[in-house]
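Asker: below: sequence and its predicted model.
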Amino acid sequence: MKPKLYWLFCLLLALPCQLSAAELELAGGTTFDRYRTLHESGVVNLNLVTNPRERFPTEWSIGLLLAQDKNPSYLDNDEATAWLGIAKRARWKGLFVGFGLVVVDQTNQRISSHVNFKSSAGFELGPLVAQVQHISNAGFHGTNDGDSFVTLGFRIPLGP
């Protein structure tokens, strides 16, 4: 097993076993940035939200920023980047905000460290979920542009 995937696998083993009180969120979308460059890429992510009806549920996420090979070479992001993370959400009616940690399998011009923070805000409307998310290292290591993306997805309850 590749060393950089080993720690992703170890974190995957830490996922909770309370699947009867959980929901899966499958979403896709696109990145965006404040500079309006060619930095656009597809994004897919799968979130496991445990105890989703509580005020502060936990979100376990796996995601993929797709390759951005049409971008200028100085962006150094021509390979897909995978992440695994955990976050806490604060819910109020159909709205939520979240904050947590993610680890990525590789670094590039936008994400310059393997350990990063993830913030999100979104809303739920029936089975649909829309959210804006941002991953960055908060300036602790290297550059701090990070990646921002908007996704639209749907929720699948795993329990009764």
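Answerer: The structure has been received and is ready for your questions.
Asker: gap between Val49 and Asp145?
Answerer: 28 Å (Cβ to Cβ, to the nearest Å). (Glycine included, C-beta is placed from N, CA and C.)
Asker: repeat for Ile86
Answerer: With distances taken as Cβ to Cβ, Ile86 is found 23 Å from Asp145.
Asker: please apply the same query to Pro157.
Answerer: When Pro157 is compared with Asp145 (using Cβ to Cβ), they lie 36 Å apart.
Asker: looking at the two, which one has more neighbours?
Answerer: The neighbour count for Pro157 versus Asp145, taken as other Cβ atoms under 10 Å, is higher for Asp145 (18 against 13).
Asker: name the nearest residue to the more buried one, sequence neighbours excluded.
Answerer: Taking Cβ to Cβ, 6 or more residues apart in numbering, and ignoring the residues beside it in sequence, Asp145 has Arg110 as its nearest neighbour in space, at 4.9 Å.
Asker: and the next element down the chain from the helix or strand harbouring Asn116?
Answerer: Of the helices and strands defined by DSSP states H and E, Asn116 is found in strand 115-125. Remark: after strand 115-125, the chain's next helix or strand is strand 128-136, criterion DSSP H and E.
Asker: quick one, strands of the protein?
Answerer: Secondary structure of the chain by DSSP state E: the strands cover 22-32, 42-50, 58-65, 81-92, 95-104, 115-125, 128-136, 147-157.
Asker: save those strands as CSV, and put in mean pLDDT too.
Answerer: Below are those laid out as CSV (pLDDT from 0 to 100):
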stretch, mean pLDDT
strand 22-32, 89
strand 42-50, 90
strand 58-65, 90
strand 81-92, 92
strand 95-104, 94
strand 115-125, 93
strand 128-136, 93
strand 147-157, 91
